[in-house]
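Chemist: I would like to see how this sequence folds:
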Amino acid sequence: MGLDALVQAWPRLRLYTFPPVALLPQVLARVRHDGVHLLLVAPRARGDSPPPPRDVEALGLAPEGDQFLEAGLSSEVVETLLNARAPSTRKLYALKWRLFSLWCAQHEQDPAHCLIGTVGTLWSALHCARWLRPSCKPHLPSWNLLVVLKGLLEAPFEPMESASEKFLTLEMALLLALASLRWVGDLQTLSVAPTCLEFALGMSKAILHPRAGYVPKVPRMAGRPVILQAFCLPSLESAKQEQLHLLCPVRALKNYVHRSDSWHKYPSLFICFGSLNKGNPVTKQRLAHWVVKAITQAYESRDITSPLTVRAHSTRSVASSSALTRGVPLQEIVLRQAGPLRTPLSGFITWT
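Modeler: Numbers count the residues shown, from 1 in each chain. Down below sits the predicted model:
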């Protein structure tokens, strides 16, 4: 299951376990603390020589959990505290702890009880490595928003009413990412349930809520909806307004919800369109792949070679920069990343 048993709540039953020898002290300390009955199973048959020393295993959040337990907190409270973080945060912590444990094993140190000087030695090594191999991050995005938006106006994305399910889904994912400035994880949890999706009269606005129980990457953003405003309604007066209408996220959302209603198996907004998993909700990784695929396909629609390094996360920076250069106040851009925005979305998706 990939769970750390030392930080999980143990049921009041007669349990058995076969822990590695290196973890026996922690297991016995947990038995004394919780007062549980535990049957220890020897890792080797009687008469065999003791097992050779093993590398120090990564304990995940166990050291932090042990500190809470030693402070007098119950195992249920400790489990709640450790699970209060977003899943991505817990995975990142576990990755860094495994790397630290590996370094401690190579230097014959206990990662949970090492001295401050040991940690200082590691930090010194990391500091030197940063100078030897500095990180190189691109200052400019690898793709052009203007090229992508013009590509969405052409086949295979338009006409939207006759576009395939694949390209309708790709366009919806990209437009929603650009218009909302949200993380892919936030978009993946949006729902089409009647209590989570609402279209305003005249299709002037759409409000989307995440599914119940979703914990976002930034906890203070929990429960905040995604509000999409139609920046160009069907009463068209010029060719430019007609183009803007084709890029309206509310229009795309209405078409996508209507077309996908017949093959929805779950209330998730984004669902698979392939024959094998059609109707099932998508993962964050798959949704991010769709955003990248929509960008590269838009380049191909313009007969332009697509960039090699396109990331779904770059939609937040590209859309924000585009809005800032077109006169949208910086405060409004920050507010959109944290919640609804009062400025029409034409400031985010437009060109001169």
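Chemist: so where does the residue nearest the centre of the chain fall, helix or strand?
Modeler: Among the residues of the chain, the one closest to the centroid is Gly185, at 3.6 Å (Cα atoms, centre = their mean). Element membership for Gly185 (DSSP states H and E) is helix 184-188.
Chemist: neighbouring contacts of that helix?
Modeler: By Cβ atoms under 8 Å, 6 or more residues apart in numbering, the list of residues contacting helix 184-188 from outside reads 88, 173, 176-177, 180, 210, 216-217, 221, 226, 268-270, 281-284, 287-288, 291, 312-313. C-beta here means a position set from N, CA and C on the backbone, and glycine is covered the same way.
Chemist: again, only this time at 7 Å
Modeler: Residues outside helix 184-188 that contact it (Cβ atoms under 7 Å, 6 or more residues apart in numbering) are 176-177, 210, 216-217, 270, 282, 284, 287-288, 312.
Chemist: so what pLDDT did the residue nearest to the centre of the chain get?
Modeler: Note for Gly185: predicted pLDDT of 89.
Chemist: same deal with Glu57?
Modeler: Model confidence at Glu57, given as pLDDT, is 37.
Chemist: kindly report the same for the one 4 residues further on.
Modeler: pLDDT, the model's per-residue confidence, is 47 for Leu61.
Chemist: Leu153 too?
Modeler: If you check Leu153, the pLDDT there is 93.
Chemist: can you tell me the closest non-neighbouring residue to it?
Modeler: The shortest distance from Leu153 to any non-neighbouring residue, by Cβ to Cβ, 6 or more residues apart in numbering, is to Leu246 (5.6 Å).
Chemist: coming back round to it: which residue in the contacts of helix 184-188 has the weakest pLDDT?
Modeler: Ranking the contacts of helix 184-188 by pLDDT, Lys217 lands last with 70.
Chemist: hey, C-alpha coordinates of the strand or helix carrying Thr80 in PDB?
Modeler: Using DSSP H and E, Thr80 sits within helix 75-82. C-alpha atoms of helix 75-82 as PDB (Å, rounded to 0.1, in the frame of the first residue of the first chain):
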ATOM      1  CA  SER A  75      -2.300   8.200  17.300                       C
ATOM      2  CA  GLU A  76      -5.600   9.500  15.900                       C
ATOM      3  CA  VAL A  77      -4.600  13.100  16.400                       C
ATOM      4  CA  VAL A  78      -1.200  12.500  14.900                       C
ATOM      5  CA  GLU A  79      -2.700  10.800  11.800                       C
ATOM      6  CA  THR A  80      -5.000  13.900  11.300                       C
ATOM      7  CA  LEU A  81      -2.100  16.300  11.600                       C
ATOM      8  CA  LEU A  82       0.100  14.400   9.100                       C
END
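Chemist: that one packs against which elements?
Modeler: helix 62-70 (3 or more Cβ pairs under 7 Å, 6 or more residues apart in numbering; DSSP states H and E).
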